[in-house]
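>>> sequence first, then the predicted structure, then my questions.
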Amino acid sequence: MVLSAARHQEHSSNKFYPPQVGAETTLFRSDLVTQILGESACNCKAIVIEAQAGQGKSTLALQFLQHFTLRFSWYQIGPEDGEPALMLSSLLKNLEQKLPGFSSPRLTRIMGQEEIDSLDIIHCANILLTDLDRYLVDDLYIIFDDLHLGEHVPLFNALLSHIIDTSPPRLHFILISRRPLLLTAKTLRYGTNTISLGNQNLSFALKEVEELFATILDRPISRLDAQRIRKQTSGWIMGILLAAHAAAHQNSAMFSEKIGTKMPADLSAQQIVQYFRNEILAHVPEDLHFTLMQLSLLDTIPVELAALITGNATIGATLTDLMLDNFFIYPLDERQTTFRFHHLFQEFLQEQAARELDKKTIRSVYRAAAAYFLEKKSIVRALFYFREEENYAVMEDILRREGLNLIAKNRIVTLLTLLQTIPEKKLLHYPWLTFFAAIVHSDSTPKKAFPLLESARTLFVEAGDETGEILALAHLAFFHFVVSGLYNDGALLLERTEELFIKNRDSLPLQARILIARNLGAGFAFFLFSLPKARTYAQFSRELAEQHNIHNGIAAGRFICGYIETLSDNDHACLQEIELAAHLLQDPLVGVANKLTLRVLHINILCKTGDLIAFNHQLHLLRAYIDSLLIEQTLAAPFGYVWGSIGLIQAGKFKHAEHMLHRGMKVSTTARSPHMRSQFCQWLSYVMALAGNHEAAQQAAAEALKLREVAGGPFYTALCCIICGATFTETGEYNKAEKLLQKGLKRAKQLPSAYLQTIAAWQMARLCNRTGRQEETLAELTTGLELMQQYSFSCFWGWEPQAMRELLGLAMRHDIQPQFAQALARQQLGVVYDEKGRWLPLLEISILGTFAVKIEGKTVLTIDDLTPAQRNLMALLLSEKNQQMNQEKIQLALWPESPPDKTRTKLDTLVTRLRKVFEQKLPCRAATYLTMRKSMLCLNNCRVDGIEFLALANEGLRHVRMENFWQAGNSFFKALQLWEPVSSATTDLFSGETAAWYDHLLNLMAQIAHRYGVLLTESDCTDEAIEITEKALQRCPMDDHLITLLYALYLRSGNMLKAKKLMQQYRQTLRDQGYTQDEIDELLFRVATSTTE
């Protein structure tokens, strides 16, 4: 099935047509059009017309557009626009019809797929706006009529607000609504480039009342009558027309002061109904009353359908006559094949129908309409009419056949609106209605989905419907995986699900096969830790999705496959899955739920590997680009806090970790599930034990273990035992600690999980060391280090600085993997060990901003503490490879004119004095950091931010060459974070020969900032790209690549003022640098006409 065709069939016939307004039947609103609106034609971004029903809003907009011969595209809002994807598809079709030669090929391809996600429609909107910007040479107005019909759909409001705020300069809007707009567009809320009209503006003036009767109604009235009418109606246009219509059929004076029916602007609904009954319907031929009541039950009236319902082949002509007689019926297209009643008249007729027509007659109308739209392949409209008929059996059959296709087309909001109107007692008699009611609740209110899925499953089993049963089982398993966290309950579903899948696989719809195989993969991985079987199902699901180019299925498969690899201790393979899925984060055909799971995989692997900076950045991106309501509905919300606290424990920030865990326990309902609460409690017990709060730690550990018994999951059960065992080590309950650690280790080996075995080995080493069992301690240390080296683990969950310094020192003293242990200490702890296994802090040297030397984060030496000669010497050492330099080279660099014997003496004196400064300022001996070995002066045991920057920058560029863009982005981010804000005093350390090396750092910074900015831009992370580029440009104000990128980003985000200011600043910088005016003009032109690479 091709979605675009299906969507086009469901476009309402009146979708793209303005009201049919003729000069002979409508009064031209001269003052409003020519004066109030005319002064701003094509100058303002938006015209907002908010007024009550019957005030002539749409007519005014059309008169304005036609009077000034403005090009426009009309868009009539309807219930179907609750699906943003359908709305954007309709808007695209509208523009293609109205704009000769306009097309959006990429968006058309996307809309031709079946799985565009309503929650990720913004990217699609950007594609359309970009293509419009390229196309538009002249101004274009888009009119959104009856916006109040979409006001209660947040996704609709968000999409339209985004379109307004990011639209190209030549695109303008007229927004028509009966009620105040709920749009959040900044253009409307804060902009001055808008016009707003309300009831008071649209009310007829006295002279307009006179003109209406004289020229349009051809019944001139006196000034006194006009005044009375205006007073009675407050200038309300519908009131004036109603009064005129009634007066035309009265024999008495037209508008005496005793006129029986008043028409104030705030006329109640009941009064209007009464007025229609007495003054309007009374003058419609009586034989049409029944027909009008029948047709009022339709939202729109296709003439073909009206003929079927009424049995009148000439009904089209009848409707046209009624229109010409001003009986509040309007054509919706130029050929008059579809009509609608004015909504006030329709509401009156519907009330009449409810009172005068029997249920059989009413249902027959709905049945005919449903059959008509079903034949036209308009499935959703047919379903709505069957719902009105209360024909649930037919709805059941339609959803059995078409439901999965509607879900694949993301008609979630539409189905939710439809199914939630069915009484639950009725719903629960129909398995497919119940099943799809559960599915449409899954994203927004997943807790409502669970009992519905259970009910549907029972009904399917009773009916012997194995297709329905396996779908219900698969969704129940997914619910326990993503929402409830009850892995034990989920595990009970797998045997039957697998049995049915093997039996029915070939007969299942494609989407169902992909979904069920994926959920089986997740279930076997998380519920049972049966990784080979999990991998088989996950890969089958992913490969099937790839064969049929189903993007959502590919993304879901990549997530499961990646998680299986990290559970299998194959982090390299997990990273490959992440890289292969990276482009899917910007794919509008991938649902936001699947993008969320991919980002969860990102933060999981970074937490596991101890990469705290990248973890925090990726967590920020997850929260910035995924809707918070969606995050709160899944386990992603609490996991962010759990994994974040693990990072804080790794950094030794126990109080911060405890605070984060307490916050996380309250973040969402999913945080209170046994699965998540068990994890919160186990880490709380550990961190409280480390902080010395032993009693609370023991209580938390007991609760964690109890909850884990309920939740299950082999991996998490083993981890819980290990972490709670570590807690009891800290509290001094060594017997409990050993039992739990041995239990956790045994389970880790049974799984098997090298990662959990590593955690267990280190915690066992800690316990044995505490209890004086040195031989066992050394054996566990050997196991732990060997596992880490074998599997390239650089960190593990539960790593805590104080204990790790002690244990790594013990390993060094006993020559256990000394090189690897030293590397771990340097990388993770910021220390080194001497020959006796004593740890010494690394010297932290900052050069990317203010020069400073720090010990454990505290500044101990600044540039003011050094003489010019000492600064030069430090600069030479820092800029040399490995911070080692031959003394002869130093002598030549510092004293090129002096003889060698004198320069040697000078160097010895300089080194001695520099050591003396070190001795005075540093807590350790100077020889620890500054040594002379075999004529080489060495700066040892230090961490230099400039050197780390070089390594990370080159690592990122290497990843780019290998097309590992996600890893490249992490490396670039960490590299750029090392640079201090430009407001800080820049270092004066580097000059002369070493200045070239520092310039190389600056040039490399500009290069990777540009490359990273482009990566972020391609990932739709515009705000982050702007922030990165602005920061880099402060240090490299002449870099034309950065300027070009930033200028494009400002334009892309609609920030014209910043774009203009940037060009002004660049012009001034060029002038300051001595460029000629011609050169400046050429460079500015190049920036303005360039595009991001």
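Thanks, I have it. Numbers count the residues shown, from 1 in each chain.

>>> list phi and psi for the most centrally placed residue in the chain.
Nearest residue to the geometric centre of the chain (CA atoms, centre = their mean): residue 626, 2.8 Å. Main-chain torsions, residue 626, degrees, to the nearest 10: phi -120, psi 130.

>>> quick check: it touching residue 592?
Yes: assessed by CB atoms under 8 Å, residue 626 is found in contact with residue 592 at 6.3 Å. For every residue, glycine as well, the C-beta is placed using N, CA and C.

>>> re the thing from before, which residues touch the nearest residue to the residue nearest to the centre of the chain once chain neighbours are set aside?
Leaving aside its chain neighbours, residue 626 sits nearest to residue 596 (4.9 Å; criterion: CB to CB, 6 or more residues apart in numbering). Neighbouring residues of residue 596 by CB atoms under 8 Å, 6 or more residues apart in numbering: 622, 626, 630-631, 634, 636.

>>> and what of residue 153?
Shown in contact with residue 153 (CB under 8 Å, 6+ apart): 81-82, 413.

>>> top of the residues you listed by number of neighbours, please.
Counting neighbours by other CB atoms under 10 Å, residue 81 leads the contacts of residue 153 with 27 neighbours.

>>> and it, how close does it get to residue 636?
Distance, residue 81 to residue 636, by CB to CB, to the nearest Å: 29 Å.

>>> could you do residue 1018 as well?
For residue 1018, the distance to residue 636 - CB to CB - is 24 Å.

>>> for the closest residue in space to residue 481 that isn't next to it in sequence, the count of nearby residues, please.
Residue nearest to residue 481 in three dimensions, not counting chain neighbours: residue 522, with 5.1 Å by CB to CB, 6+ apart. Residue 522 has 27 neighbours, counted by other CB under 10 Å.

>>> mind listing what's buried in the helix or strand residue 522 falls within?
Assigned by DSSP states H and E, residue 522 belongs to helix 510-526. With burial defined by 16 or more other CB atoms under 10 Å, the residues of helix 510-526 counted as buried are 511-526.

>>> for these, which one is nearest residue 202?
Of all those, residue 202 sits closest to residue 511, with 49.4 Å by CB to CB.

>>> pLDDT below threshold where in the stretch 251-400 of the chain?
251-280, 282, 326 (pLDDT under 70).

>>> quick one: the helices in it?
Here the stretch 251-400 of the chain has its helices, by DSSP state H, counting those that start in this stretch, at 269-275, 289-295, 303-310, 315-324, 343-356, 359-375, 379-389, 392-408.

>>> export the ones you listed to CSV and tack on mean neighbour count and distance to residue 1089?
Output for those, formatted as CSV (neighbours: other CB atoms under 10 Å; distance: least, CB to CB, whole Å):
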stretch, mean neighbour count, distance to residue 1089
helix 269-275, 15, 59
helix 289-295, 20, 58
helix 303-310, 18, 54
helix 315-324, 17, 54
helix 343-356, 17, 51
helix 359-375, 17, 51
helix 379-389, 22, 46
helix 392-408, 19, 43
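
>>> now these as CSV including distance to residue 830?
Putting these into CSV (distance: least, CB to CB, whole Å) gives the following:
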stretch, distance to residue 830
helix 269-275, 74
helix 289-295, 80
helix 303-310, 77
helix 315-324, 82
helix 343-356, 71
helix 359-375, 70
helix 379-389, 61
helix 392-408, 52
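
>>> buried set for the longest helix belonging to the chain?
Secondary structure of the chain read by DSSP state H shows that its longest helix is helix 993-1018. Within helix 993-1018, the residues scored as buried using 16+ other CB under 10 Å are 994, 997-998, 1001, 1004-1017.

>>> and residue 49, what does it touch?
57, 60-61, 174-177, 196-197, 202.
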